[in-house]
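Trainee: pasted the sequence and its predicted model underneath.
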Amino acid sequence: MGKKLYVGNLLYEVSDEDLKELFSQAGNVVSATVIRFRDTGRSKGFGFVEMENEEGAQKAVDMLNGQDHKGRKLVVSEARPPRPRSSFGGRSQERTDYK
């Protein structure tokens with residue numbers, strides 16, 4: 001099973017292919033995705049890379065975290081699961097003070 005990594009502090013011009021090429025230095029890349037705004041398609045400045053195995057993922061973190069990439073210091077770490085979304089329009093608790 002692959003290992004997913006978070007990659008932050010990317011230049012807005014970095015593409016999925018750029019990420020894949022960069023991380024392939026550490027091992028086989030299953031997927032590489034720059035996260036973009038839906039309405040504009042502009043990069044949010046971070047992405048995710050899935051490495052084929054744990055060894056490749058650890059090598060990528062060791063090699064690339066804090067390294068300069070096109071003038072920016074990369075932040076590379078193990079990806080965390082997404083936080084659950086609230087069903088109350090972004091509020092974390094239901095309002096109970098309605099009259």
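Mentor: Cool, got the structure.
Trainee: which non-adjacent residue is nearest Ala57?
Mentor: Leaving out its chain neighbours, the residue that sits closest to Ala57 by Cβ to Cβ, 6 or more residues apart in numbering is Lys3, at 3.6 Å. Using the backbone N, CA and C atoms, a C-beta is placed for each residue, glycine as well.
Trainee: endpoints of stretch 37-55, how far apart?
Mentor: 32 Å (Cα to Cα, to the nearest Å).
Trainee: buried stuff in stretch 29-42?
Mentor: 29-30, 32, 34 (16 or more other Cβ atoms under 10 Å).
Trainee: pLDDT (mean, whole number) over that stretch?
Mentor: On average, the pLDDT along stretch 29-42 is 97.
Trainee: identify all contacting residues around that stretch.
Mentor: Residues from elsewhere that reach stretch 29-42 (Cβ atoms under 8 Å, 6 or more residues apart in numbering): 2, 10, 12, 14-17, 19-20, 23, 43-44, 46-52.
Trainee: measure it end to end?
Mentor: Per Cα to Cα, stretch 29-42 runs 23 Å from first to last residue.
Trainee: tell me the confidence at Pro82?
Mentor: 82.
Trainee: quick one on the thing from earlier: so the residue nearest to Ala57 touches Phe48, yeah?
Mentor: No - the pair Lys3 and Phe48 does not pass the contact test of Cβ atoms under 8 Å, sitting 10.9 Å apart.
Trainee: of these two, who's got more company?
Mentor: Lys3 (20 against 15; other Cβ atoms under 10 Å).
Trainee: let me see the contact set for that one.
Mentor: With Cβ under 8 Å, 6+ apart, Lys3 has these contacts: 50-51, 53-54, 56-57, 78.
Trainee: redo that, cut-off 7 Å
Mentor: Contact analysis of Lys3 by Cβ atoms under 7 Å, 6 or more residues apart in numbering lists 50-51, 53-54, 57.
Trainee: who touches the longest helix belonging to the chain?
Mentor: Ranked by residue count and defined by DSSP state H, the top helix of the chain is helix 54-64. For helix 54-64, contacts defined as Cβ under 7 Å, 6+ apart pick out 3, 5, 23, 25-28, 51, 74, 76-77.
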